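*Asks:* Give me the fold of what follows.
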Amino acid sequence: MRFELLNTDAQTKARAGLFHTPHGTIQTPIFMPVGTVGSVKGVTVRDLHEEVKAQIILGNTYHLYLRPGTAVLEAAGGLHRFNSWDGPILTDSGGFQVFSLTGIRKLTEEGCTFRSHIDGSKHIFTPERVMDIERSIGADIMMALDECPPGTSDYQYAKKSLGLTHRWLDRCFKRFNETEPLYGYEQALFPIVQGCTFKDLRQQSAEFVAAKEAVGNAIGGLAVGEPAEVMYEMIEVVNAILPSDKPRYLMGVGTPANILEAISLGVDMFDCVMPTRNGRNAMLFTRNGIMNMRNKKWEMDFSPIDPQGTASCDTAYSRAYLHHLFKAQELLALEIASIHNLSFYLWLVGEARMHILAGDFRDWKTSILPQLMQRL
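*Replies:* Down below sits the predicted model:
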C-alpha cells in the first residue's frame, strides 16, 4: 500500500492524491460510506458502484464482532467475500461504540469490558483482541483501539486518556507485527491522534503517531460537540505535524461544509453517517442547498428531485413523489434519499479534487459554501 501525492493547492493546504490498496486505487480526497454491519443501510453493492460511485466503504469492528461474528467471517473468506464488495474496506476499532455504552462497560489498562447491546453477554476489547478481530474481518485498513473521550473532558482526564491511548497503540502495533493477514493480501494499521481540544495534547499525540511511520494516520475525537472553529484549529495543529506523504483520515466528519474546510486544511479521507442517517429522516443535501422532503412545499412540485444530481433517482423521480413516499412511510423513500445523499457527497469530494488539480480550489470553495448549507 502506498500514497501518491499529486498536487497541493497553492493557496490552501488541500491535497489531491492516489492511495493504492490491494482492492483498488482510491482518488483522494475521498468520502467513505459507512457500512456498519457489513452493509451501507438501504443501499446495495450494485448501487454503491453504479450510482454512488463509492471507492471505499467502512465496516464496524464492534458490530461485526457481535454479529455475524468472526467465525462466520473467516468461513466466508473475510468481509469482502461475505458482502460482495470488491473495493477497499476500512474498519474502525469499535472503540467509539464501546465507549458510548455508558453504564454497561468498564475501562481498565488491559482494555474495555462491555456487555453486548444485543443480548447482554459480556466481552472484552483489548488492543490485541481488536487486531485479531480486524484480521478476521480482512479490511484493507485497520484502525487502532483508542479511547475517544467526551468533548467536554477537562484537561486532566484528557491527558490521562491520551496516555492510555498511546500505550494501547504500542500494543496494537506489537500485535499487528506479530500476526499475518488471513486472506492473502496486505493490511495496513492506522494510528489515531487524540487529545480533545487541547493544543499541547494534540501536538504530543500527533508526534507520537507520526513516529510510528504507519501507512496512513487518523485524527479522532473531533465533531463530538466542540464548536466547528475549534475542530478546524485542532486539525491545523495536527496536520502541521503528521507526515505530508501519508494519507490523513478525519474520523466521523461531517457536513458538506465541514468536509470542504477540512480538505482545505490538508485532510484526505472522511467518513460520516450523516448522508444516510439524515437521508432516512428526509433531509437531502444538494449543491443548491438542503431540502426537507417532508415539507408541504414539495407536495405539488413535479420537477426532478435534483436536476443537477448524479444518481439516476435524482431525475427519475419527482420531489412530489419522494414527499409522498416519506409521508406514506414507504421504505423506497429511505433508499432513494440515501443513494442521493451518498452520491452527492462523492460528487462533492470529486469536485474538490478536480479543483485542487486545476489550482482554483480556494475560489471554488468560497463560491459554493454559502449555497451548500442554505435551506431550500
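
*Asks:* mind checking which helix or strand of the chain has the lowest mean pLDDT?
*Replies:* Taking mean pLDDT, DSSP states H and E as the measure, the helix or strand of the chain with the lowest value is helix 95-99, at a mean of 77.

*Asks:* Next SSE downstream of it?
*Replies:* Per DSSP states H and E, the first helix or strand lying C-terminal to helix 95-99 is strand 105-107.

*Asks:* Give the rounded mean pLDDT of that following strand.
*Replies:* The average pLDDT for strand 105-107 rounds to 87.

*Asks:* and the next helix or strand after that strand, which residues are buried?
*Replies:* Once the chain leaves strand 105-107, the next helix or strand it forms, by DSSP H and E, is strand 112-115. Buried residues in strand 112-115, counted by 16 or more other CB atoms under 10 Å: Cys112, Thr113, Phe114. Heads up, the C-betas are built off the backbone N, CA and C, glycines and all.

*Asks:* Now flag whichever of those is closest to Arg294.
*Replies:* Minimum distance to Arg294 across these is 36.3 Å, recorded for Phe114 (CB to CB).

*Asks:* Next, count neighbours for Gly138.
*Replies:* Neighbour count for Gly138, taken as other CB atoms under 10 Å: 27.

*Asks:* show me what contacts it?
*Replies:* By CB atoms under 8 Å, 6 or more residues apart in numbering, the contact list for Gly138 reads Leu73, Gly77, Gly78, Leu79, His80, Ile89, Pro181, Leu182, Tyr183, Gln187.

*Asks:* ok, the closest residue to it other than its chain neighbours - contacts?
*Replies:* What sits nearest to Gly138 in space, not counting adjacent residues and going by CB to CB, 6 or more residues apart in numbering, is Gly78, at 2.9 Å. By CB under 8 Å, 6+ apart, the residues touching Gly78 are Ser136, Ile137, Gly138, Leu182, Tyr183.

*Asks:* could those residues go into TSV alongside secondary structure and distance to His323?
*Replies:* Listed next are these as TSV, based on DSSP: H, G, I helix; E, B strand; the rest coil; distance: CB to CB, whole Å:
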residue	secondary structure	distance to His323
Ser136	helix	44
Ile137	helix	39
Gly138	coil	41
Leu182	coil	48
Tyr183	coil	45
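
*Asks:* one step back: mind putting the buried residues of strand 112-115 in JSON lines, distance to Ala311 included?
*Replies:* Shown next, in JSON lines, are these (distance: CB to CB, whole Å):
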{"residue": "Cys112", "distance to Ala311": "39"}
{"residue": "Thr113", "distance to Ala311": "43"}
{"residue": "Phe114", "distance to Ala311": "38"}
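
*Asks:* tell me which of the residues you listed is nearest to Val238?
*Replies:* For the buried residues of strand 112-115, the nearest to Val238 is Cys112 (24.4 Å; CB to CB).

*Asks:* Might one say that the closest one is in contact with Gln97?
*Replies:* No: with contact defined as CB atoms under 8 Å, Cys112 does not count as touching Gln97 (10.4 Å).

*Asks:* Could you tell me how far the closest residue in space to Lys122 that isn't next to it in sequence is located from Ile124?
*Replies:* In this structure, Lys122 finds its nearest non-sequential neighbour in Arg115, 5.6 Å apart by CB to CB, 6+ apart. Arg115 sits 11 Å away from Ile124, going by CB to CB, to the nearest Å.

*Asks:* Please apply the same query to Val267.
*Replies:* From Val267 over to Ile124 the distance is 33 Å, taken as CB to CB.

*Asks:* Between the two, which has more neighbouring residues?
*Replies:* In terms of neighbours (other CB under 10 Å), Val267 is the more surrounded of Val267 and Ile124; the figures are 26 against 14.

*Asks:* and the gap between the closest residue to the more buried one other than its chain neighbours and Leu242?
*Replies:* In space, Val267 comes closest to Leu250 once its chain neighbours are excluded; the distance is 4.6 Å by CB to CB, 6+ apart. Going from Leu250 to Leu242 by CB to CB gives 11 Å.
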